[in-house]
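Q: based on what follows, work out the 3D shape:
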Amino acid sequence: MGDLGYLEPPSPPAASATWTETTLQWHRGTLHASHLSTDILVAGGGLGGVAAALGALRRGRRVVLTDEFEWLGGQLTSQAVPPDDHTWVERFGVTRSYRALRDGIRQYYRDHYPLTEEARKRPQLNPGAGYVSKLCHEPRVAVAVIDAMLAPFLGSGQLIIKKQTKPVSCQMADSQIESVTFRDLSTGAKFTVSAAYVIDATELGDLLPLSGTPYVTGFESRRDTGEPSAPEEAQPQNSQAVSICFAVDHIEGEDHTIRSPPHTNTGAITREFTPNPGDDPALVNADQRRSGGDMNLWTFRRIAARDNFTPGAYQSDICLVNWPMIDYFEEPIIDVPESLYHSRLSAAASLSYSMLYYLQTECPHPDDPTTKGYPGLRLRGDITGTSHGLAMAPYVRESRRIKAITTVVEGDLSLDIRGAAGAKPYPDSVGIGMYRIDLHPSTGGDTYIDVACCPFQIPLGALLPRNRRSNLIAGCKNIGTTHITNGCYRLHPVEWNVGEVAGLLAAWCMNSAKGLHPVDVQGDEALFAEFQRMIVGEGIEVEWPDVSGY
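A: I've put the predicted structure just below:
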């Protein structure tokens, strides 16, 4: 697990007494080599990073994939956030490999979980019956499916995965990254990876400052972007809240109250609205559990609905808490000293613990306001894979963003601005997505920003640094969006699409006999048409169908 401040790193296991010094030397020399060389380095193993690796691997290139945490999958797994999908996700609008991930999650439940026969036969099985997505599930299942998707490439030796590692420096030659040095978070040891192409799929765009790649943070000014929702002056320290999520179930008659957090902040918990965990989670009937919406917090992000499983398999529903009350927006975590970064994540964790403690001890019952607290709410660290009980990683909504060849602005896709014309079409489209511009409260004191959008495209120019023949490609939330448009490009399927195209692009350039560079592909109509035909063959949708009939 990453070193997150609210987390105590586990002690390394003691070496077996039967190991010989020769064996130890081989172990250190091979599995923990101080230098690796590969075709494509993918730094960051979230959804964008996994998709980037898969895209490059399918095109025959060697890949080293790194991540700060033990689970690959980022917001879907270590951050424990069920997918946020668009209306048409079951029909179209995602890449073929992302659909394979979703189908794999459902099949894993059918193969391994004690589903009822009715649930098992349901084509659009939603294990949690949550309302945030048509597929709410436990994060560990996504981990298993992602690992299975990568397994054949590990077996062949084409892929090397290095977990619990963090980039600390880049070795440069002009605008090219020659190698990246990482620190092993469990041992402190460092190793270096050389690669022809580097894809930054880290959650915060870690390689951008390390490589000197120009980037922006926070809120751009209206003068620079022309966005009606932007402020007059730029606010680089004004970024969206981060959240440290957690899972709970409810065992009636038991007391699972945690110790009072050291910095309990009930004022922060109630600043939005008093939470109501789906009415009384122990008593609510099935019809009530399946009703409601955003304001029924128990059902909205529920990841296990016990009605979907055979009687007795689950003592309770399991709810994933990613609610407004745990949004930490007091201070930014980008471009701050490491000690402050950990301190602020600790404060975010304390806010999450405070939320749980409030629910267990103070939350009024809707049918009897004099009765307070749900002590039967049980923190499920086993669901999130941690001993401290919270998610393995913070849910990061906003990253550093490259100064890109193409920057997507609010006017390109706002429904109010574009109207019947639809979102701006890009001649270099490499994918599609759809979500409202959904901005959570930010470190500059802004509250929610919610803007209706048109179904949009992903321009290749948004993945490429501006005016540089760099070998770095953006593969996550660090693409050329603004603070505003990041609000709709940051969701699960779009991040996967971005990463997959980044991996395919790097492999395409390496496989070309013409010695192509990414900017050549993006800037030449004929070359791009050839590249686009290839990615369409790989299952990337680059245009929206007519959705008016759906």
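
Q: for the chain, longest strand please?
A: Ranked by number of residues, the top strand in the chain under DSSP state E is strand 190-200.

Q: domain map for this structure?
A: 34-197, 242-384 (automatic domain parsing).

Q: now render those domains as TSV, adding distance to S512.
A: No exception for glycine: its C-beta is placed from N, CA and C like everyone else's. Listed next are these as TSV, based on distance: least, C-beta to C-beta, whole Å:
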stretch	distance to S512
domain 34-197	11
domain 242-384	35
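
Q: I'd like those laid out as TSV, including mean pLDDT and mean neighbour count.
A: As requested, those are exported to TSV (pLDDT from 0 to 100; neighbours: other C-beta atoms under 10 Å):
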stretch	mean pLDDT	mean neighbour count
domain 34-197	97	20
domain 242-384	82	18
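
Q: quick one: closest of these to T447.
A: domain 242-384 (9.4 Å; C-beta to C-beta).

Q: and the end-to-end length of that closest one?
A: 17 Å (C-alpha to C-alpha, to the nearest Å).

Q: run the chain-centre distance for it.
A: 20 Å (C-alpha atoms, centre = their mean, to the nearest Å).

Q: for M434, find the nearest of the domains of the chain.
A: Closest of the domains of the chain to M434 is domain 34-197, at 3.8 Å (criterion: C-beta to C-beta).

Q: between the two ends of that closest one, how far is it?
A: By C-alpha to C-alpha, one end of domain 34-197 lies 19 Å from the other end.

Q: what does stretch 383-402 give?
A: The first and final residues of stretch 383-402 sit 35 Å from each other (C-alpha to C-alpha).

Q: go through that stretch and flag the buried ones.
A: 383-386, 388-402 (16 or more other C-beta atoms under 10 Å).

Q: ok, stretch 455-466 next?
A: Those would be 455-466, for stretch 455-466 by 16+ other C-beta under 10 Å.

Q: what's the longest strand of the chain packed up against?
A: Other elements packing on strand 190-200 under the criterion 3 or more C-beta pairs under 8 Å, 6 or more residues apart in numbering; DSSP states H and E are strand 35-43, strand 63-66, strand 165-173, strand 176-184, helix 207-211, strand 472-474, helix 492-511.

Q: go again with 6 Å.
A: strand 35-43, strand 176-184, strand 472-474, helix 492-511 (3 or more C-beta pairs under 6 Å, 6 or more residues apart in numbering; DSSP states H and E).

Q: got CSV for these, with distance to T213 too?
A: As requested, those are arranged in CSV below (distance: least, C-beta to C-beta, whole Å):
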stretch, distance to T213
strand 35-43, 12
strand 176-184, 9
strand 472-474, 6
helix 492-511, 14
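
Q: right, and the ones you listed - which one's nearest V81?
A: helix 492-511 (8.0 Å).

Q: return the distance of the longest strand of the chain from the chain's centre.
A: 21 Å.

Q: likewise stretch 394-405?
A: Centroid separation for stretch 394-405 versus its chain: 11 Å, with C-alpha atoms, centre = their mean.

Q: pLDDT of that stretch, averaged?
A: What stretch 394-405 shows for mean pLDDT is 98.

Q: now do the end-to-end distance for that stretch.
A: 30 Å.

Q: how about the nearest residue to W544, chain neighbours excluded?
A: Among residues not flanking W544 along the chain, P455 sits closest, at 4.5 Å (C-beta to C-beta, 6 or more residues apart in numbering).

Q: where does the one you found fall, phi/psi-wise?
A: In terms of degrees, to the nearest 10, the main-chain angles of P455 are phi -50, psi 130.

Q: model confidence for it, exactly?
A: Note for P455: predicted pLDDT of 97.

Q: contacting residues for V42?
A: Counting by C-beta atoms under 6 Å, 6 or more residues apart in numbering, V42 makes contact with 49, 52-53, 65, 199, 201.

Q: quick revisit: so which of the domains of the chain gets nearest V521?
A: Here domain 34-197 is closest among the domains of the chain (C-beta to C-beta), at 12.5 Å.
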